[in-house]
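Peer 1: Predicted model and sequence below, questions to follow.
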Amino acid sequence: EAAGYLMLAPERWELLKSQCTELVQGNALHSSINTPGKAMIIAMKAIEMGVPLTAAWSGMRIIDGEVTLLGKLALRLILQRALPLGATCSRIAVPHGEDKERAGWLMGRPGEDPQEYWFTMEDAQTAGLLRIKLRKSEEWIDTPAYKKYPDRMLPWRALAKGAAYTFADVLQGCLLAEEM
């Protein structure tokens, strides 16, 4: 690495390019990683962040030209890299039934008071996450994920909200796919 830029030796670049091409052609990666170029960008970001390539290909996506992290990979990085230094990152328990309406995380850096980060169904409604517009159409439809699995969707959005503020350095400025 020179002057903040990732530099790969030519032979390492060619090997990585060959591996990415093979993985894409073999449909071995997530369907959104559908070109060797996308696989390469994710691999380069992984190397830069010190993330194993297999973890990167399963936990990173390219959305609107940005390398993003899935919540599961972001949480792994926070737990591995920030908690041992004394940071706080824990899910806030909510009474049964309320978990379908809101979710929260308590996050903080060492020496700072931890903050609560919440995401609610009302937030999802405001953000337009409960309905999507069909491509090439004026028709809007309900998105089933938030209606069927709010107890799974809301915590990831709350994590994305808190992680962006509290652990931007751990995530190296990457947004979470859940917030895109």
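Peer 2: Great, that's in hand.
Peer 1: Do a quick rundown of the helices in this structure.
Peer 2: Using DSSP state H, the helices found in the chain span residues 10-25, 36-49, 53-59, 71-81, 121-126, 144-148, 150-166.
Peer 1: For residue 88, which of those is the nearest?
Peer 2: Distances from residue 88 to each of those were compared by C-beta to C-beta, and the smallest falls on helix 150-166, at 8.7 Å. The C-beta positions use only the backbone N, C-alpha and C, and glycine is treated the same way.
Peer 1: centre of the chain versus that closest one, how much separation?
Peer 2: Put simply, helix 150-166 sits 10 Å off its chain's centre (C-alpha atoms, centre = their mean, to the nearest Å).
Peer 1: Next, the angle from it to helix 71-81.
Peer 2: With axes from the mean of the first three to the mean of the last three C-alpha atoms, to 10 degrees as the basis, helix 150-166 and helix 71-81 are set at 50 degrees to each other.
Peer 1: The closest residue to residue 155 other than its chain neighbours: how many residues sit nearby?
Peer 2: In this structure, residue 155 finds its nearest non-sequential neighbour in residue 103, 4.1 Å apart by C-beta to C-beta, 6 or more residues apart in numbering. Here the count is done by other C-beta atoms under 10 Å, and residue 103 has 25 residues near it.
Peer 1: residue contacts, residue 103?
Peer 2: 91-92, 94, 118-120, 151, 154-155, 157-158 (C-beta atoms under 8 Å, 6 or more residues apart in numbering).
Peer 1: Let's have these in TSV, adding pLDDT and distance to residue 75.
Peer 2: Conversion of the contacts of residue 103 to TSV gives the following (pLDDT from 0 to 100; distance: C-beta to C-beta, whole Å):
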residue	pLDDT	distance to residue 75
91	96	10
92	96	14
94	93	18
118	97	17
119	96	15
120	95	20
151	91	16
154	95	15
155	96	10
157	95	13
158	96	11
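Peer 1: Reformat those as CSV; add neighbour count.
Peer 2: Output for the contacts of residue 103, formatted as CSV (neighbours: other C-beta atoms under 10 Å):
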residue, neighbour count
91, 13
92, 14
94, 17
118, 16
119, 25
120, 17
151, 15
154, 24
155, 22
157, 23
158, 25
